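> Make a model of this:
(chains A and B)
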Amino acid sequence: MKAPAALVLLALLAAACQQDGRRVEPLPVPAPETEADTGRRGVALERPIEDFTLTDDRGETFRLSDLEGRTVLLAFGYTHCPDACPMTLSAFRAVKERLGEHARRSAFVFVSLDGARDTPQVLHRYVKHFDPEFIGLTGPKAALDAIAPAFGLYYEIRRPPDGSENYTVDHTVSTYLIDQQGRLRYVYPFQTPPEEIAGDTLALLGQGSAGS
Amino acid sequence: MPLRPSLVLLAVLLAAPAIAPASAAEPSLVVRDAWVRATPGAAAVSSHAASRGGHDAGATAAYLTLENRGDRADRLVSVASPVAGRAELHESRVENGIMRMRPVEGIAVPAGGSVRLEPGGLHVMLMGLHEPIAEGRRVPLTLTFESGATLAVDAEVRSR
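Residues are numbered from 1 along each chain as shown, chains lettered A, B, ... in the order given. Down below sits the predicted model:
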């Protein structure tokens, strides 16, 4: 017998909220529009992110805590993504350019949601095309699902009706800025101007133009 | 007596305008600024992929502007390219922070108007690429419209 969809959804939500016995507050979804009063698009917050382990694009074990002391700009996607993901990574490149010498205290991370096609080798070629220092991460579904609540991450593989392997992945397309202590500080909607992200990163690095 | 190849060619050239009278008129549908995004890492894998027949070199997108200078609305219904196993018309749309990409039935080009296929919106998705697409080359695209009109264009490859 098929359970009503609403009940299934409720059960899923409850499961997500009770992970590790603690309630995970849903992450605010940044509005696609520019805030009229501030001209900003990112949403500021301050939320510790529990350390996680994935595999990097060299095939080695990677922990978020490996990047402690650096700011981390992070986004999710997949390498067969023809439109949005290259736009996001081109924006990462533009942010990095704007950081100038401070870029060495920042990391740029692209997390693949398509472990079946994105082997570390494939991911390596992909991220390095945008910048030799960008980091690609991949991992089994269980590992991705474990970190999903912290980022308000949704993803779903969409197979074409012909059943071919040319599938796409619907996914959360926000960009996340994590500070040097591993706390999530900003969530940016798709196509946020790199200037805004670079400005926030510099402020976190104590290089804010606002005179910090 | 067998005809000399050059004579055959001449005959074909002379006959061509009669075969395709439509081409004599000003074309009402025009493609502008057609480009294909280079596949990331293309340079590194091109020889590899070429040596492995049927290797999936990934997917990418083509963008262009369609202009309809005629007085009848038309509709782009399909695109084909020799570089891809399959080409589909897609639209990227962000809803609640989630990027959803969906096939679209066709793309209307209003009479006297134009439509842009651009990053983050309407695009031609090139899937099952036979080889990586590197910057500097050109990618042939054939566009078919509801009216039966077809347009061939060589899209520039850009890395961005």
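> OK, contacts around the most centrally placed residue in chain A?
Nearest residue to the geometric centre of chain A (Cα atoms, centre = their mean): residue A:75, 2.6 Å. With contacts defined as Cβ atoms under 8 Å, 6 or more residues apart in numbering or on different chains, the neighbours of residue A:75 are A:85, A:88, A:89, A:92, A:109, A:110, A:111, A:173, A:174, A:175, A:176. Where C-beta positions appear, they are placed from N, C-alpha and C, glycine not excepted.
> and if we set it to 6 Å?
Each residue near residue A:75 by Cβ atoms under 6 Å, 6 or more residues apart in numbering or on different chains is listed here: A:88, A:175.
> Look up the residues forming beta bridges with it.
Beta-bridge partners recorded for residue A:75 (DSSP bridges): residue A:110, residue A:175.
> so what's the backbone phi/psi at the residue nearest to residue A:103 when sequence neighbours are not counted?
For residue A:103, ignoring the flanking residues on the chain, the nearest one in space by Cβ to Cβ, 6 or more residues apart in numbering or on different chains is residue A:96 at 4.9 Å. When quoted as degrees, to the nearest 10, the phi and psi of residue A:96 stand at phi -60, psi -40.
> who in chain A is up against chain B?
A:29, A:80, A:82-84, A:86-87, A:90, A:125-126, A:129, A:154, A:166, A:168, A:170, A:172-174, A:190 (Cβ under 6 Å from any Cβ of the partner chain).
> quick one: the residue nearest to the centre of chain A and residue A:135, what's the gap?
11 Å (Cβ to Cβ, to the nearest Å).
> count of neighbours near the residue nearest to residue A:103?
Neighbour count for residue A:96, taken as other Cβ atoms under 10 Å in any protein chain shown: 21.
> separation between it and residue A:105?
Where residue A:105 is concerned, residue A:96 sits at a distance of 11 Å (Cβ to Cβ).
> In contact with the residue nearest to residue A:30 when sequence neighbours are not counted: list those residues for me.
Once flanking residues are discounted, residue A:30 sits nearest to residue A:189: 4.1 Å by Cβ to Cβ, 6+ apart. Residue A:189 makes contacts with A:30, A:32, A:41, as judged by Cβ under 6 Å, 6+ apart.
> Recalculate using a threshold of 8 Å.
Counting by Cβ under 8 Å, 6+ apart, the residues that residue A:189 touches are A:29, A:30, A:31, A:32, A:41, A:42, A:173, A:174, B:94, B:97.
> Same question for the residue nearest to residue B:160 when sequence neighbours are not counted, what's its three-state structure.
Nearest residue to residue B:160, sequence neighbours excluded (Cβ to Cβ, 6+ apart): residue A:90, at 5.6 Å. Three-state assignment for residue A:90 (DSSP: H, G, I helix; E, B strand; the rest coil): helix.
> For the chain, which segments count as strands?
Picked chain A for this. A:43-48, A:53-56, A:61-63, A:71-77, A:106-112, A:135-138, A:155-158, A:168-172, A:175-178, A:183-188 (DSSP state E).
> wrong one, I was asking about chain B
Ranges of strands in chain B, per DSSP E, are B:29-37, B:60-68, B:74-80, B:84-95, B:98-103, B:107-109, B:114-117, B:122-129, B:138-145, B:150-158.
> of these, which approaches residue A:162 most closely?
strand B:84-95 (8.9 Å; Cβ to Cβ).
> ok, and does that closest one reach over to chain A?
Yes: applying Cβ under 8 Å from any Cβ of the partner chain, one finds strand B:84-95 touching chain A at B:85, B:86, B:90, B:92, B:94.
> Separate out the buried members of the residues you listed.
Neighbour counting over these (16 or more other Cβ atoms under 10 Å in any protein chain shown) leaves B:86, B:90, B:92, B:94 as the buried ones.
> quick one: low-confidence parts of the chain?
Defaulting to chain A. A:1-24, A:209-212 (pLDDT under 70).
> meant chain B actually
For chain B, the ranges with pLDDT under 70 are B:1-26, B:41-55.
> how near is the residue nearest the centre of it to residue B:131?
What sits nearest the mean C-alpha location of chain B, by Cα atoms, centre = their mean, is residue B:141, with 2.7 Å. In this view, residue B:141 and residue B:131 are 16 Å apart by Cβ to Cβ.
> Endpoints of stretch B:114-132, how far apart?
Length of stretch B:114-132, first residue to last, Cα to Cα, to the nearest Å: 31 Å.
> Quick check: buried residues in that stretch?
Neighbour-count burial for stretch B:114-132 [16+ other Cβ under 10 Å]: B:115, B:117, B:119-120, B:122-132.
> List just the nearest of the residues you listed to residue B:37.
Distances from residue B:37 to the buried residues of stretch B:114-132, taken by Cβ to Cβ, are shortest for residue B:119, at 8.1 Å.
> Near chain A, which residues of chain B are found?
B:37, B:40-42, B:44-45, B:56, B:58-61, B:85-86, B:90, B:92, B:94, B:96-101, B:119-120, B:123, B:125-128, B:159-160.
> same thing but 6 Å
Counting by Cβ under 6 Å from any Cβ, chain B sits next to chain A at B:37, B:40-41, B:44, B:58-61, B:92, B:94, B:96-101, B:119, B:123, B:125, B:127-128, B:160.
> coming back round to it: show me which of the contacts of residue A:189 are buried.
A:29, A:30, A:41, A:42, A:173, A:174, B:94, B:97.
> of all the residues you listed, which two lie farthest apart?
Longest span within the buried ones among the contacts of residue A:189, Cβ to Cβ: A:42 and B:94, 15.1 Å.
> which outside residues touch stretch A:162-178?
A:72-76, A:78, A:84, A:113-114, A:153-160, A:184-188, A:190, A:200, B:94, B:97-101, B:127-128.
> Distance from that stretch to the middle of the chain?
Put simply, stretch A:162-178 sits 12 Å off its chain's centre (Cα atoms, centre = their mean, to the nearest Å).
> First-to-last residue distance for it?
Span of stretch A:162-178 from end to end, Cα to Cα: 40 Å.
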